[in-house]
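# predicted model, plus sequence, below.
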Amino acid sequence: MGDVARQAGVSKATVSVVLNGTGGVKPATRERVLAAIELLNYRAAPVISQARTVGGRSLGLVLKEMDNPYYAEVVHGVRSVAERHGYTVLVASSEGEYEVERRAVELLRAKDIDGLIATPVLHEGADLSHLFELKRRNFPFVLLEEVLGVPASLVDVDNVEAARRATEYLIELGHTRIVHFAGPPYSMHSRQRVDGTRWACSKSRLVLADDDVIVSGAHLADGYQAAMAYFRDTPLERRATGVTCYNDLVAIGVMRALSELGLRVPDDVSVIGFDDIPLLDYLSVPLTTVRVPKRRMGELAAEMLVRHVESHAVVPPQRALLEAELVIRASTRAIASRNGVRSRDVVLPAPSHPSATSA
């Protein structure tokens, strides 16, 4: 407020009057104060009202799919750190709709949250002005999925590398017909995992055609419906023997469709998921998948955000890329016999690299 007052050539009391809309201030003076606020990107500290005193400090968390168990572990990680620092976490879900996300962000800010963690909707038609506005106002926020052009703090895994390793594993097992059941178009993770799949195929003699990338979604029904259509309509000589999926939910849906079509996993089709959600422990055929450190991602995002919130200076954007691991279970097998040996529950770590770097 002192900076604004000096820029506008007025007292701090005058700035306060303009911000609160109380008292009489000449129009020209008000315009000078508002221009200084705009120039300095000033964000007034929240007024310590009775409601805020009762509610205490809070962080917002905007997810994309409330029914996806992947996010349950992220939420637990965020809450564990936030509560340790005295913050309450308010959770909202966009359900993949950018307009809902925008309203959720605006509502949380109206509730005087101190900072925000978000998994943004990135559909081609998405209006991301609410994220650019957060940046312009120096409002503390951390993303769990990258938004190109928004220099914000990020916590994620290397999805391209993880998807590449999953596909390469199928190639090493002798699979020459591979398809990828891709995620929703509003997810940067979906695009990155397609890129990783293409990269793996390009390094071999395989070609991943456009028809081999099947847009499904993020839910059980999406994988089921996409797999029913593909395996029912594709001739045997062209049908894939190896499948990678956007996430575990899609993979479970694919496995259900294969079972109904009389195809066995992994004897007829090998399937790989992504995330390693707890539900996999209860499948009749344990699923090979990419294990994402979901709870740690939530913890690290909250730790990063609290540092931003409590710093007296603007904290430069930071990036933390955590390691993802390929966990080999019974849903994959070699096409050619390898002395009758099949790996189960073997963890292959990703290549080592620093877990966090500052950008």
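Received it, and whenever you're ready, just let me know what you need.
# can you list the domains in this structure?
Annotated domains of the chain cover 2-40, 53-157+296-322, 159-292+324-352 [automatic domain parsing].
# now render these as CSV, adding mean pLDDT.
Below are those laid out as CSV (pLDDT from 0 to 100):
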stretch, mean pLDDT
domain 2-40, 83
domain 53-157+296-322, 90
domain 159-292+324-352, 90
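# okay if I get the ones you listed as a markdown table plus mean neighbour count?
All C-beta spots, glycine's among them, are computed from the backbone N, C-alpha and C. Putting those into a markdown table (neighbours: other Cβ atoms under 10 Å) gives the following:
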| stretch | mean neighbour count |
| --- | --- |
| domain 2-40 | 15 |
| domain 53-157+296-322 | 18 |
| domain 159-292+324-352 | 19 |
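# I'd guessed Met304 sits against Gln318; true?
Yes. With contact defined as Cβ atoms under 8 Å, Met304 counts as touching Gln318 (6.0 Å).
# find residues that contact each of those two.
Common contacts of Met304 and Gln318, defined by Cβ atoms under 8 Å, 6 or more residues apart in numbering, comprise Ser153.
# isn't Leu128 up against Pro120?
Yes. At 7.1 Å, Leu128 counts as touching Pro120 under the criterion of Cβ under 8 Å.
# common neighbours of the two, please.
Shared contacts of Leu128 and Pro120 (Cβ under 8 Å, 6+ apart): Val147.
# and Leu116, that's in a helix?
No. The assignment for Leu116, made by DSSP: H, G, I helix; E, B strand; the rest coil, is strand rather than a helix.
# quick one, helices of the chain?
2-8, 12-20, 27-40, 50-55, 69-84, 98-110, 129-136, 159-172, 188-202, 220-233, 248-260, 294-310 (DSSP state H).
# make TSV out of those helices and add distance to Ala92.
Shown next, in TSV, are the helices of the chain (distance: least, Cβ to Cβ, whole Å):
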stretch	distance to Ala92
helix 2-8	31
helix 12-20	27
helix 27-40	28
helix 50-55	16
helix 69-84	11
helix 98-110	4
helix 129-136	13
helix 159-172	24
helix 188-202	20
helix 220-233	22
helix 248-260	21
helix 294-310	15
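# excluding chain neighbours, what is closest to Cys109?
One thing to correct before we go on: residue 109 is Arg, not Cys. Phe139 (7.3 Å; Cβ to Cβ, 6 or more residues apart in numbering).
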